[in-house]
Every structure is written in structure tokens, then in C-alpha cells.
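Visitor: Build me a model from this:
(chains A and B, ligands or ions: 2)
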Amino acid sequence: MSQGSQQWPLWEVFVRSKNGLAHKHSGSLHAPDAEMALKNARDVYTRRSEGVSIWVIPSEAITASSPDEKDPLFAPSDDKVYRHPTFYDIPDEVGHM
Amino acid sequence: MGETHSLEDRFQAFVEAENKVEPKHWMPDGYRKTLVRQISQHAHSEVVGMLPEANWITRAPSLRAKLILLAKVQDEAGHGLYLYSAAETLGTSRDQMIDDLLSGKAKYSSIFNYPTLTWADMGAVGWLVDGAAIANQVMLCRTSYGPYSRAMVRICKEESFHQRQGYEIMMTLAKGSPEQKAMAQDALNRWWWPSVMMFGPSDDNSPNSTQSMKWRIKRKSNDELRQEYIDKTVAQAEFIGLSIPDPELKWNEETGHYDFGEIDWTEFFQVIAGNGPCNSERLAARQKAHNEGAWVRDAATAYAAKQSARQSNPSKQTHAA
Ligand SMILES: [Fe+2]
Ligand SMILES: [Fe+2]
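Guide: Ligands and ions are numbered 1, 2, ... in the order given. From the prediction side, this is the model:
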């Protein structure tokens, strides 16, 4: 095997499917640099006009929350019911609010 | 139930509740190993699967047919990539998987060890081989491992064109001259049984299947998928006036399914063991392609290194960006 490909970093690919929408994670690929990552992403993730814009980001630049922290990280928002509109009783006569 | 649940029990309850497992979640070793094996084999199948069709790209009967075949083969390369990426999320490296394929250690679908002898084989492969693959892949869209499931959703979106273009080729030949129709029938004769075998050994001879179903990796058994495939395909063959090469094939009013003849499992296991008509040819073609592409990979690596050296040395910076 060639040594070359062993070194190629992993990139995460995000595609904006149309203007007005956010970029969404599509998948990943290996490439020697950002330019090639972008070209490869175009070939593998947008062969059927799936996008109008592509981001590629080195996978190692992403910091992810750990699933073990799921409770401490997300639970606090569960008991703040007053953050939801349905927490408040507004008489029907007031109309849509 | 005891007060403490083992990690395995919690995992089992998690998948049974139709939750998706993501890369950073705890999972049993066996689950991880099964997935790495299955997903990488699946990826290899997509990659090796390009070879029997690539055989006809330069000899496609029209520019239209050539463009379609090129697009299909390119899709299969993409499918390989999606699947290698999904397998990598489980901690196995791309290079390891490629090495295993090239050294002959890894398995891929035995269907691709059959030769594509005539243009009609492009029809039969798209219709039958992609058709069988789709049946399996539609099921796998609901697999419990998130990255695998997402790869399958993407793949399924692209697959239906593959089957339709193949059926179109068969339909055209079946409506053509007697020679063309005979060519289509001959392709169906040769591809029918291998495609039926693509679903793997029957359930009572497929020990890993039960555990895979329990983990929700697989959602249907080999025999269930095979039956669905046969039921669907028979009508498609009838529609274009071709006959399925199985004298025992018969509609069963009671079960609402087709009964079919005995599958030659000896052939199946022979091909898996490396004794199919094209096993060594396929591997040699992969190795050749990999070796001949080495200079491109090396050049890309060298270029990237040069660019990044330039960027870290401002006096020579080109401001190209
Ligand atoms: Fe595919
Ligand atoms: Fe396909």
C-alpha cells in the first residue's frame, strides 16, 4: 500500500440543500487538504443537486458532548417548564398570542 | 428483575425501544464487531460491484446507455464511501479495511464473482442484483446503528434508478429481435439463482442472524427477504415475457407466496470460499487499480504538504485563497 493515503485526515461534510436553509451534516471523507476535501465532497455528496453550498471541517476540530453527560448537560432544561408557551394560561378571549 | 441492570441489559432495552445507537454510546463488543464486519463487507461489495459493470462501459450500445452505466458505477463508488465512513465511526480505520480487501482477507458479496458475458447482463445485474440489494438495504434503513442507517437512507435514494435502468435494458431486449430476446433470457437464466442466493443462507443455517435480529441490526430474516424478492420479481419477468429458470416455481394460494425450487447452497459456499468463476480476477483488478492509483495519492499528499509549508512561511505565501 502507498504510504500517502494512510496520512489523509478525515473531514466532515456539511451541505446547504438550498439557500435559506442551514448547512446539515451529510457524512465524511478522507482528503489530503481542504481543497481536495471540497472537491471530493462535491463528487460524493452532491451528485443529484443535493446542495448549493458545502462546508468541510477537519473531524478532529469538532468537540462533541459525551453521551454519558447527557443527563447533567440537558436535564436542567427539562424542569424549566416556564420556558414553554403552554405554561401560561391566557384566556381565549384574548385571541391568538 | 434485579436492582442493577447490566450494561448489556440496558443496551438491549435501548434498541428494543427503537432508539438509534450512535458512535459514542456504550455498545457490547459483539455488536461493534458484527457491525464492523457487516458494514465493511457491504462497502467492499459496492466497490467490487463496480467491476462486472465497468466491463461494459466501453462497449455500451449507445451514448445514452454509456452515460447511464457510468452514472450507476459512479454511484456504487459513492456507496462504498458512505459505508466505509460508517464503519470508521466504530473505530476501525479505512486503511485497515482496504488492506483486508486487497489482501483477500475480507469478504464481499459472492454475486460479483460471476462474469458479465453480454450486454443483457447489464440489464440483469441492474434489475436482479440491484433489486435484491435494494430489498436488503430498505430493511437496513431501520437498522439500530445510526451511521449505518443514515448511509442506507442515502443509498436507497440512489438505488431505485439502478434497478429501473436495468429493467429498461431487459425490456428493450425482450421486445427486440428473437436473438435479442434470447440474449435477455440467457442473462436471466444465469443471474436468477445467484441473485436469489444474495440474501444468504436459509434461516436454519444462519446462526448469526438471530443475534443480529435481537440487536435490531437486521430487521428481517434472510428467508423473509428472499421470499419478498421472489414474489416481486416473478411478475416483473412475466410482464416482459421472460421466464424464471425454476421449474418448481409455483404460486401458492394458501400462503400467498411463490413456492420455489431447492437452492444449490454448495455453489454458494464454493463461491464464498473463493472458487467462483471470477474471484481471482476481481481481486487482481482491485489490486491493479489500487497500485496504479498510488502516484495520484502520493501527488495529492505531496501537494498538500507543500501548500501547508507555504502557508506557515508568510514570506512565500501566495494569497491564493
Ligand atoms: Fe449500491
Ligand atoms: Fe446499485
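Visitor: which residue packs closest to the closest residue to ligand 2 within chain B, ignoring adjacent ones?
Guide: Distances between chain B and ligand 2 by C-beta to the ion are smallest at B:His162, namely 3.7 Å. C-beta coordinates here come from the backbone N, C-alpha and C atoms, glycine included. In this structure, B:His162 finds its nearest non-sequential neighbour in B:Asp130, 4.1 Å apart by C-beta to C-beta, 6 or more residues apart in numbering or on different chains.
Visitor: got a list of what the one you found touches?
Guide: B:Glu159, B:His162, B:Gln163, B:Gly166 (C-beta atoms under 8 Å, 6 or more residues apart in numbering or on different chains).
Visitor: What pLDDT does the model give residue 44?
Guide: In the absence of a named chain, this looks at chain A. Turning to A:Val44, the model gives it a pLDDT of 92.
Visitor: think we crossed wires, I meant chain B
Guide: 98.
Visitor: Equivalent analysis for the one 3 residues further on, please.
Guide: On the pLDDT scale, B:Val47 is placed at 97.
Visitor: Not counting sequence-adjacent ones, nearest residue to it?
Guide: Here the residue nearest B:Val47, using C-beta to C-beta, 6+ apart, is B:Gly80, at 4.1 Å.
Visitor: Reduced to three states, what does B:His42 come out as?
Guide: helix (DSSP: H, G, I helix; E, B strand; the rest coil).
Visitor: can you map out the helices along chain A?
Guide: A:4-7, A:34-45, A:70-78 (DSSP state H).
Visitor: want to try TSV for the ones you listed, with mean neighbour count and distance to A:Thr86 as columns?
Guide: Shown next, in TSV, are the helices of chain A (neighbours: other C-beta atoms under 10 Å in any protein chain shown; distance: least, C-beta to C-beta, whole Å):
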stretch	mean neighbour count	distance to A:Thr86
helix A:4-7	17	54
helix A:34-45	18	39
helix A:70-78	10	15
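Visitor: coming back round to it: could I get the contacts of B:Asp130 as CSV with distance to B:Ala305?
Guide: CSV is the format used below for the contacts of B:Asp130 (distance: C-beta to C-beta, whole Å):
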residue, distance to B:Ala305
B:Glu159, 38
B:His162, 39
B:Gln163, 44
B:Gly166, 44
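Visitor: quick revisit: from the contact counts, what lies against the helix or strand the residue nearest to B:Val47 falls within?
Guide: Under the criterion of DSSP states H and E, B:Gly80 resides in helix B:63-88. The contact analysis (3 or more C-beta pairs under 8 Å, 6 or more residues apart in numbering or on different chains; DSSP states H and E) places helix B:63-88 against strand A:24-30, helix A:34-45, helix B:29-48, helix B:50-54, helix B:94-102, helix B:146-174.
Visitor: returning to what we had before: what's around the residue nearest to B:Val47, how many residues?
Guide: Using other C-beta atoms under 10 Å in any protein chain shown, B:Gly80 is surrounded by 21 other residues.
Visitor: Just confirm it contacts B:Ser40, I think it does.
Guide: No: using C-beta atoms under 8 Å, B:Gly80 and B:Ser40 do not qualify as a contacting pair, with a distance of 10.2 Å.
Visitor: Please tell me how far the spatially closest residue to B:Thr92 that is not a sequence neighbour sits from B:Leu90.
Guide: Of all residues not flanking B:Thr92 in the chain, B:Val36 sits nearest, at 5.1 Å (C-beta to C-beta, 6+ apart). B:Val36 is 5 Å from B:Leu90, where distance means C-beta to C-beta, to the nearest Å.
Visitor: residues contacting the residue of chain B closest to ligand 2?
Guide: Contacts of B:His162 (C-beta under 8 Å, 6+ apart): B:Lys72, B:Asp75, B:Gly126, B:Asp130, B:Ile134.
Visitor: Quick check: the gap between the first one and chain A.
Guide: The spacing between B:Lys72 and chain A, counted by C-beta to the nearest C-beta, to the nearest Å, is 11 Å.
Visitor: can you pull the contacts of residue 90?
Guide: Went with chain A since none was named. A:Met97.
Visitor: Correction: the question concerned chain B.
Guide: Counting by C-beta under 8 Å, 6+ apart, B:Leu90 touches B:Pro23, B:Arg32, B:Leu35, B:Val36, B:Ile39.
Visitor: secondary structure class for the first one?
Guide: At B:Pro23 the chain is in coil, as set by three-state DSSP.
Visitor: Could you report the pLDDT at B:Asn205?
Guide: So B:Asn205 comes in at 86 (pLDDT).
Visitor: How about chain A: which residue is closest to ligand 2?
Guide: A:Arg47 (13.1 Å).
Visitor: Need the nearest residue in space to residue 25, chain neighbours excluded.
Guide: As the question left the chain open, I've gone with chain A. That would be A:Phe14: by C-beta to C-beta, 6+ apart, it lies 5.6 Å from A:His25.
Visitor: ah, no, chain B please
Guide: Counting by C-beta to C-beta, 6+ apart, the residue nearest B:His25 is A:Pro67, at 5.2 Å.
Visitor: Just give me the neighbour total for residue 29.
Guide: Since you didn't name a chain, this refers to chain A. A:Leu29: 24 neighbours (other C-beta under 10 Å).
Visitor: The chain in question should be chain B.
Guide: So B:Asp29, with other C-beta under 10 Å, has 7 neighbours.
Visitor: Remind me which helix or strand the residue nearest to B:His162 belongs to.
Guide: helix B:130-140.
Visitor: Compute the inter-axis angle for that helix and helix B:146-174.
Guide: 160 degrees (axes from the mean of the first three to the mean of the last three C-alpha atoms, to 10 degrees).
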